[in-house]
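1. Provided below are the primary sequence and the corresponding predicted coordinates.
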Amino acid sequence: GQNIDQPTEMTATEGAIVQINCTYQTSGFNGLFWYQQHAGEAPTFLSYNVLDGLEEKGRFSSFLSRSKGYSYLLLKELQMKDSASYLCAVRDYSNYQLIWGAGTKLIIKP
Amino acid sequence: SAVISQKPSRDICQRGTSLTIQCQVDSQVTMMFWYRQQPGQSLTLIATANQGSEATYESGFVIDKFPISRPNLTFSTLTVSNMSPEDSSIYLCSVGWTSGITDTQYFGPGTRLTVL
């Protein structure tokens, strides 16, 4: 079956670091996406990983381990505007569709 | 990246009517998708819009209810037909392409539909 798990909600403090985990079990794997979605808005693309390792983009980094079916999104120097839902999605190579996690709501406190 | 626009951005419609949502991309893209997202829930794929042929619908979605057109590589429409309050949702156009080992998928700003 297809399954993607993320924590439902996380809380962190402004200026701190937070790691959002995503584990997946899918029949086909052709890369993993992370999106940010503010309430009432469309998802915004953050990162794509298809090879193992860490990809860094400014304050955001994403890590992938294909053998473990595991990814994380690391957010540094948290700002209040980072309060949003973070969606993990896996590309299924058989039909090019994205399989979505339920999303992690991140709450940033001053 | 790609710039995606959708029209209308929001609408309030009466039960039994139909609404056509347009999606325009500023560059030619391989894949175009239509999603629905209901409040507090994750995204649900309605269909893949195929250029020059019939769309590929996901389980639970049918062409009579959600007819889709894609006349070229930069434009697509989704019609929500014979609407009921259960169709109230955000409808999102999404585009994707691959280049080497890189894969990309972006979303349009969405159309917020309320059916009374």
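-> Cool, got the structure. Please read these numbers as outputs of a predicted model, since none were measured by experiment.

2. start to end distance for stretch A:12-27?
-> End-to-end distance for stretch A:12-27, by CA to CA, to the nearest Å: 34 Å.

3. meant to ask about stretch B:36-50, not that
-> 18 Å.

4. most centrally placed residue in chain B?
-> Computing the C-alpha centroid of chain B and ranking residues by CA atoms, centre = their mean puts residue B:34 first, at 2.9 Å.

5. what does the average pLDDT come to for stretch A:33-48?
-> Mean per-residue pLDDT for stretch A:33-48: 95.

6. Might one say that residue A:101 is in contact with residue A:87?
-> Yes: assessed by CB atoms under 8 Å, residue A:101 is found in contact with residue A:87 at 6.2 Å. (Glycine included, C-beta is placed from N, CA and C.)

7. Those two - which one has more neighbours?
-> A count of neighbours by other CB atoms under 10 Å in any protein chain shown puts residue A:87 above the other of residue A:101 and residue A:87, at 26 against 23.

8. which helices and strands does the one helix or strand the more buried one maps to pack with?
-> In this assignment (DSSP states H and E), residue A:87 forms part of strand A:84-91. Under the contact criterion of 3 or more CB pairs under 8 Å, 6 or more residues apart in numbering or on different chains; DSSP states H and E, strand A:84-91 touches strand A:3-5, strand A:18-25, strand A:32-37, strand A:70-75, strand A:98-100, strand A:104-109.

9. Tell me, what's the model's pLDDT at residue 108?
-> Just so you know, I chose chain A. 97.

10. My question was about chain B, not that one.
-> Looking at residue B:108, its pLDDT is 97.

11. Report the helix or strand with the lowest average pLDDT across chain B.
-> Least confident element among the helices and strands of chain B, by mean pLDDT, DSSP states H and E: strand B:102-107 (a mean of 91).

12. Residue A:64 is in contact with residue A:53, correct?
-> Yes: the criterion here is CB under 8 Å, and residue A:53 meets it with residue A:64 at 6.8 Å.

13. how distant is the strand or helix carrying residue B:20 from the center of its chain?
-> Assigned by DSSP H and E, residue B:20 falls within strand B:19-25. Offset of strand B:19-25 from its chain centre (CA atoms, centre = their mean, to the nearest Å): 7 Å.

14. for residue A:35, what are its contacts?
-> Going by CB atoms under 8 Å, 6 or more residues apart in numbering or on different chains, residue A:35 touches A:43, A:44, A:45, A:46, A:86, A:87, A:89, B:107.

15. what sits opposite the second one in the beta ladder?
-> Under DSSP bridges, the beta-bridge partners of residue A:44 are residue A:36.

16. List the contacts of it.
-> With CB under 8 Å, 6+ apart, residue A:44 has these contacts: A:35, A:36, A:37, B:107.

17. For residue A:93, state which of those residues is nearest.
-> The nearest member of the contacts of residue A:44 to residue A:93, counting by CB to CB, is residue A:35 at 19.4 Å.

18. hang on, the earlier thing: how about the contacts of residue A:44, which pair is most distant?
-> Farthest apart among the contacts of residue A:44 - using CB to CB - are A:36 and B:107, which lie 11.0 Å from each other.

19. correct me, but the residue nearest to the centre of chain B touches residue B:90?
-> No: counting by CB under 8 Å, residue B:34 sits too far from residue B:90 to count as a contact (11.5 Å).

20. Tell me what residue 72 is bridged to.
-> Just going to use chain A. In beta-bridge terms (that is, DSSP bridges), residue A:72 pairs with residue A:21, residue A:63.

21. if you could check chain B rather than the one you did, that'd help
-> Going by DSSP bridges, residue B:72 is paired in beta bridges with residue B:75.
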